[in-house]
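Colleague: sequence? don't have it. structure:
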């Protein structure tokens, strides 16, 4: 790897985006993960996906298929996996808690669209997050954006749940957060056991949510659980 590539990778590598996460929570990335531009990544992925389609025996001269490799590449880089790039990390600004609101704040039914890193097929579901405000509160949409940022990358649901919780703790300056995700995994639904009725629930509790069973029960009650 030349020095210019090394410098570009070092400037991005986890950077300020994931440095607050413990090593076991970081999405596994190579040191040179950000050495290529977005367009270079799209071009490279399109070339390789073209080969995959050829190996499957598909006729890429067909009008319906000839643009598919680039469409898939753009979808991967600009949509499905945009959360890999720390430049897309939400800027979570805090506001003074002028109203003195001290009760649990819950944002429920946040859309989760992610991708199983084992089979590269979708994970779809809902996230529910809560925190106890102190001196500061946050704009509600930022909670959604944090969920989407960590979801839009190859994932396992357990890590996703903990990444969201750790990001919220860091951004909100409090340990008092709760995250619950319920999701359907197409790797379970469309292959292997082919089970279309099961779903997966994961939860992470911090601070008083972890210590106080009554508070956890109230959180679940507000979610209708």
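Modeller: The structure has been received and is ready for your questions. Because the structure is predicted, anything quoted here is derived from the model rather than measured. Numbers count the residues shown, from 1 in each chain.
Colleague: show me what the strand ranked longest in the chain is in contact with.
Modeller: For the chain, the longest strand by residue count, based on DSSP state E, is strand 105-116. For strand 105-116, the external contacting residues (C-beta atoms under 8 Å, 6 or more residues apart in numbering) are 80-81, 121-133, 137, 140, 143-144, 147-148, 151-157, 160, 181, 183, 185-187, 219, 222-223. Placement of C-beta: from N, CA and C, glycine included.
Colleague: now, these that are in helices?
Modeller: Using DSSP state H, the subset of the contacts of strand 105-116 located in helices is 140, 143, 144, 147, 148, 151, 157, 160, 186, 187, 219, 222.
Colleague: among those residues, who's most crowded?
Modeller: Neighbour tally across those (other C-beta atoms under 10 Å): the maximum, 28 neighbours, falls on residue 147.
Colleague: that one reaches residue 161, doesn't it?
Modeller: No: using C-beta atoms under 8 Å, residue 147 is not in contact with residue 161; the gap is 10.1 Å.
Colleague: the strands in this protein, which residues?
Modeller: 94-96, 105-116, 122-131, 136-138, 154-155, 177-185, 200-205.
Colleague: wait, which of those is closest to residue 86?
Modeller: strand 154-155 (15.4 Å; C-beta to C-beta).
Colleague: list the neighbouring strands of the closest one plus their orientation.
Modeller: Sheet pairing for strand 154-155, assigned by DSSP bridges, gives strand 105-116 (parallel).
Colleague: between the partner strand and strand 122-131, how big is the angle?
Modeller: Using axes from the mean of the first three to the mean of the last three C-alpha atoms, to 10 degrees, one finds that strand 105-116 and strand 122-131 are set 160 degrees apart in direction.
Colleague: mean confidence (pLDDT) on strand 105-116, please.
Modeller: The average pLDDT within strand 105-116 is 98.
Colleague: with stretch 75-89 instead?
Modeller: Stretch 75-89 comes out at a mean pLDDT of 96.
Colleague: centre of the chain versus that stretch, how much separation?
Modeller: With C-alpha atoms, centre = their mean, to the nearest Å as the basis, stretch 75-89 stands 9 Å off its chain's centre.
Colleague: stretch 117-131 too?
Modeller: Counting by C-alpha atoms, centre = their mean, stretch 117-131 comes out at 7 Å from the chain centroid.
Colleague: same check, this time on stretch 127-141
Modeller: Worked out by C-alpha atoms, centre = their mean, stretch 127-141 lies 18 Å from the chain centre.
Colleague: list of residues touching it?
Modeller: Contacts for stretch 127-141 (C-beta under 8 Å, 6+ apart): 92-97, 101-112, 143, 146-147, 151, 164, 168, 171-174, 176-181, 207-209, 219, 222-223.
Colleague: quick check: ChimeraX command selecting the buried ones in those.
Modeller: Applied in ChimeraX, the following selects the buried portion of these according to 16 or more other C-beta atoms under 10 Å:
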select :92,94,104,105,107,110,112,143,146,147,151,164,168,171,172,174,176,177,178,179,180,181,207,208,209,219,223
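Colleague: for the chain, which helix is longest?
Modeller: helix 38-55.
Colleague: identify the bridge partners of residue 124.
Modeller: Beta-bridge partners, per DSSP bridges, of residue 124: residue 113, residue 184.
Colleague: okay but it is in contact with residue 181, surely?
Modeller: No: taking contacts as C-beta under 8 Å, residue 124 lies outside contact range of residue 181: 10.9 Å.
Colleague: for burial, what's the neighbour tally of residue 60?
Modeller: With other C-beta under 10 Å as criterion, residue 60 counts 13.
Colleague: tell me how far it lies from residue 75.
Modeller: 17 Å (C-beta to C-beta, to the nearest Å).
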